[in-house]
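*Asks:* Provided below are the primary sequence and the corresponding predicted coordinates.
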Amino acid sequence: MVFIPASALIVEDVFPPSLAECYSGQVDKNTTPYDVQTSCLEIFLGHMYKNTSSIDLGKDAFDWFDSLGRKLHIRLRRQSRYSLRVRKEIRTLSQTELINFFDAVNALKNDKSVKPNKYDSFAIMHQGDVGASAHDGPNFVSWHRYFLVLFENALREKNSRVTLPYWDSRADYLMTNKEDSILFTELFLGNAKGVVYTGPFAFWSTPTNPSTLLRREIGVVGSPVHPERWVGGNTGQMSSIIFSPMDPVFWLLHCFVDYLWEQFRENQKKLGINSETDYPATTITAHKPNRLMDNLKPPKKNIDGYSNSFTRQIYRYADAPTCDNNCGKAFRDFCTVIEVKKDVFPDRGSISLNLEDLVT
């Protein structure tokens, strides 16, 4: 055994008064220490998130969100059945579907009829009270399901054939070099490290500052259930709750979370559990089932996101693609991951791609 000497300087700091007050006010003996800590941190961080965001939306943006929300509200309440949109894993999209999706996202980014633009207005709606009320609790899946559909509907205002795809991050997690996923080439989402300078979102500016460009740090921190950190690392927009929607990867990841949640809900139904009412118990005030969702209109309760109407009236998921024996080569038809040479950036508009030239 080897002992290595070490030293450290311990400095006393001021404990936030609001956090101390919350801890001292918890007198319910039936509340566990974990619940006390979670509840108090939720309140404290909620104020921090709210104060950190310095970007305000104008009335034009809120009016547009209201119109999207009203249309969705009407669709969810109708009894008649619709032809469901099909959300697919992004690597299984056809050339036309892929281009339509990228073009619709860029059309929102370039639409300045609301300030700063329609895409970034969605990113800003993910700030403020949402930092606490739509994360780290049972409203996480609920709020984001509603948010995803609103964004998908915004895309469909640009192209009615577009449906939001998902990214099955499980397929990439075990890759030796995380940067070598075909997703992070010009063909799909652009480069993996530093400022995004290739692909459909190259040199995107962010609403925090026009000179602050979209950037990533793929693979710095990795987890199949925390892919936002896997993409954003320590410096990219995806590393922060406040800024993560500024990178379009956000929508693909959250769509995958929604896909997994829907699989879970289908299993609940098979077991005779009502997935619409099976809202987990929580001591976190902002996640209580009957609390109104933040930043989303018309007013919706947290539990409303557990409704079956979303997948009964609006969309369904195509199963995630699989490959036998971890083939790691085929792309659209057989497998979802290939490892590509770093110096190869194929034209994203091409489907006559020789994959054997790309695999290592």
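*Replies:* That came through fine.
*Asks:* then the longest helix seen in the chain to PDB, C-alphas only?
*Replies:* For the chain, the longest helix by residue count, based on DSSP state H, is helix 249-270. The C-alpha trace of helix 249-270 is given here as PDB (Å, rounded to 0.1, in the frame of the first residue of the first chain):
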ATOM      1  CA  VAL A 249     -29.400  17.300 -30.500                       C
ATOM      2  CA  PHE A 250     -31.500  18.200 -27.500                       C
ATOM      3  CA  TRP A 251     -34.700  17.300 -29.300                       C
ATOM      4  CA  LEU A 252     -33.400  13.900 -30.500                       C
ATOM      5  CA  LEU A 253     -32.300  12.900 -27.100                       C
ATOM      6  CA  HIS A 254     -35.500  13.900 -25.400                       C
ATOM      7  CA  CYS A 255     -37.500  12.200 -28.100                       C
ATOM      8  CA  PHE A 256     -35.600   9.000 -27.200                       C
ATOM      9  CA  VAL A 257     -36.400   9.500 -23.500                       C
ATOM     10  CA  ASP A 258     -40.100   9.800 -24.500                       C
ATOM     11  CA  TYR A 259     -39.700   6.700 -26.600                       C
ATOM     12  CA  LEU A 260     -38.400   4.700 -23.600                       C
ATOM     13  CA  TRP A 261     -41.200   6.200 -21.400                       C
ATOM     14  CA  GLU A 262     -43.800   5.000 -23.900                       C
ATOM     15  CA  GLN A 263     -42.400   1.500 -23.900                       C
ATOM     16  CA  PHE A 264     -42.700   1.600 -20.100                       C
ATOM     17  CA  ARG A 265     -46.300   2.800 -20.300                       C
ATOM     18  CA  GLU A 266     -47.200   0.000 -22.700                       C
ATOM     19  CA  ASN A 267     -45.800  -2.500 -20.200                       C
ATOM     20  CA  GLN A 268     -47.900  -0.900 -17.500                       C
ATOM     21  CA  LYS A 269     -51.000  -1.400 -19.600                       C
ATOM     22  CA  LYS A 270     -50.200  -5.100 -20.100                       C
END
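*Asks:* Tell me the first helix or strand C-terminal of that helix.
*Replies:* helix 309-313 (DSSP states H and E).
*Asks:* Could you pull out the buried residues of that following helix?
*Replies:* 310-311, 313 (16 or more other Cβ atoms under 10 Å). C-beta coordinates here come from the backbone N, C-alpha and C atoms, glycine included.
*Asks:* What helices and strands are in contact with that helix?
*Replies:* Judged by 3 or more Cβ pairs under 8 Å, 6 or more residues apart in numbering; DSSP states H and E, the packing partners of helix 309-313 are helix 59-77.
*Asks:* on contacts alone, who are the packing partners of the longest helix of the chain?
*Replies:* helix 139-158, helix 227-232.
*Asks:* Nearest approach to Leu292 belongs to which of the ones you listed?
*Replies:* Of all the helices and strands packed on helix 249-270, helix 139-158 sits nearest to Leu292, with 10.6 Å by Cβ to Cβ.
*Asks:* packing partners for that closest one?
*Replies:* helix 59-77, helix 95-110, helix 118-125, helix 130-133, helix 249-270.
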